[in-house]
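In: model the structure of this input:
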Amino acid sequence: MLLLSLYCSTAALAQSGSDYKFKTIVLDAGHGGHDTGCRGAIDNEKNVTLDIVLKLGALIKKTYPGVKVIYTRQTDTFIELYERANIANRAKADLFVSVHCNASKSTSAYGTETWLMGLHKSDGNLEVSKRENDVIMLEDNYQENYDGFDPNSPEGYIILSMNQNAHIDQSINLASKVEEEFVKDGRQTRGVKQAGFLVLWRTTMPAILIETGFLTNREEERYLVSEKGKNEVASSILQAVALFKAEVENDYSQLAFVEEQITNAATDAKAGTPPDIPHVTNSHSEVAAADSNLKVSVTPSVIYKIQITASEKAIALNDPRFGGTKDITNDKSEKGVNRYVVGNYSDLQETQHRLASLRQKGFKDAFIVAYKEGKRIPMNQLP
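Out: Numbering: from 1, shown residues only. The predicted structure follows:
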């Protein structure tokens, strides 16, 4: 399946770095207080989400001292859904990220999902939004606060979901980046989805809700409650935010520093042995999981290229979908996946500039890959 991106940056976020600066992010730890969220065998959602959000906030503050981080909660307290959005709106935030854990009647369900406000496409999507919205029943005057919305009415969800955030393109962009980063950590992605979430309903900025995994799956719960798991989830979200911020500001100079902070955080984290989490086996994860385009080490024997797409079926190099790119080649994997790459650079900074140019042309899923002595190697194995 062709992985070319179909999304383009909107005019609001296509300004030059001198015109727009990413100033404020609001981090929302799902549930809290008497609202436990979904319950696992080891811990409750409200505790896992708070730990992840606090780790993520600390990483953002350390990486971007100039960016203001606002939390909807920093302790085990109950915050109404409408107030979470109000916090972001009052702060005139540039981004709203709500962190959750998933649940299912099937204990075999696992994987990550990232959601944005919109019309649900399936009954499964509706059930997720209903579960997250049911918390309003714990609030006083919920009918007044949510304009008479009934969390048990399917018709209400249709009306609610039609009120899509004006920043839907940017939300899709960020949500896609979050899922891509999870894949690089070997997580199973269940995709980017839309549904009517009250916590996203009235936000006036790009806004996403991340389901970091299923607490009802015993293996995934052990991962999510572990220090290693929480650190990896926080780091993956940070990397997605960093890429999103770089695109918004048209400034990729800080990406290497982001990777350095993540590496340091991993070194400082408490040691732990996580369970084996089921990995994705599709072709996209194969090419994405091995790479990180933020590595800074360079040696003369290393060559960098940029993968712009992958496909199970071969595509002609002069195909119009490649937009007339001249230096494109097919680096077919051992499993027969057609991986289309461009460039041939020994300097990483030069490669990053080309990557930025390709993403501006519409190749939003492009990422850097490395070769040593003609063999493709994971970026984290570079000297």
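In: where are the low-confidence patches of the stretch 1-150 of the chain?
Out: 1-19, 118-150 (pLDDT under 70).
In: recalculate using a threshold of 80.
Out: The model of the stretch 1-150 of the chain has pLDDT under 80 over residues 1-20, 81-82, 117-150.
In: please enumerate the strands of it.
Out: Here the stretch 1-150 of the chain has its strands, by DSSP state E, counting those that start in this stretch, at 24-29, 68-71, 95-102, 112-117.
In: which stretch among those comes nearest residue 327?
Out: When the strands of the stretch 1-150 of the chain are ranked by proximity to residue 327, the top entry is strand 112-117, at 32.9 Å, counting by Cβ to Cβ. Where you see a C-beta, it was placed from the backbone N, CA and C, and this is true even at glycine.
In: wait, which of the strands of the stretch 1-150 of the chain is closest to residue 263?
Out: Per Cβ to Cβ, nearest to residue 263 of these: strand 68-71, 20.7 Å.
In: strand partners of that closest one, parallel vs antiparallel please.
Out: strand 24-29 (parallel) (DSSP bridges).
In: return the distance of the partner strand from the chain's centre.
Out: Taking the mean of its C-alpha atoms, strand 24-29 sits 14 Å from the chain's own mean (Cα atoms, centre = their mean, to the nearest Å).
In: now it and strand 95-102, what's the angle there?
Out: Using axes from the mean of the first three to the mean of the last three Cα atoms, to 10 degrees, the direction of strand 24-29 lies 10 degrees away from that of strand 95-102.
In: in the helix or strand hosting residue 228, what counts as buried?
Out: For residue 228, the element it lies in under DSSP states H and E is helix 227-249. For helix 227-249, the buried set under the neighbour-count rule, 16 or more other Cβ atoms under 10 Å, comprises 229-249.
In: any chance of the strands of the stretch 1-150 of the chain in CSV, with distance to residue 368 and mean neighbour count too?
Out: Output for the strands of the stretch 1-150 of the chain, formatted as CSV (distance: least, Cβ to Cβ, whole Å; neighbours: other Cβ atoms under 10 Å):
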stretch, distance to residue 368, mean neighbour count
strand 24-29, 25, 25
strand 68-71, 28, 16
strand 95-102, 24, 27
strand 112-117, 23, 26
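In: got a markdown table for these, with distance to residue 264 too?
Out: As requested, the strands of the stretch 1-150 of the chain are exported to a markdown table (distance: least, Cβ to Cβ, whole Å):
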| stretch | distance to residue 264 |
| --- | --- |
| strand 24-29 | 20 |
| strand 68-71 | 18 |
| strand 95-102 | 22 |
| strand 112-117 | 24 |
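In: which of the residues in stretch 308-320 are buried?
Out: Under 16+ other Cβ under 10 Å, the buried positions of stretch 308-320 are 308-311, 315.
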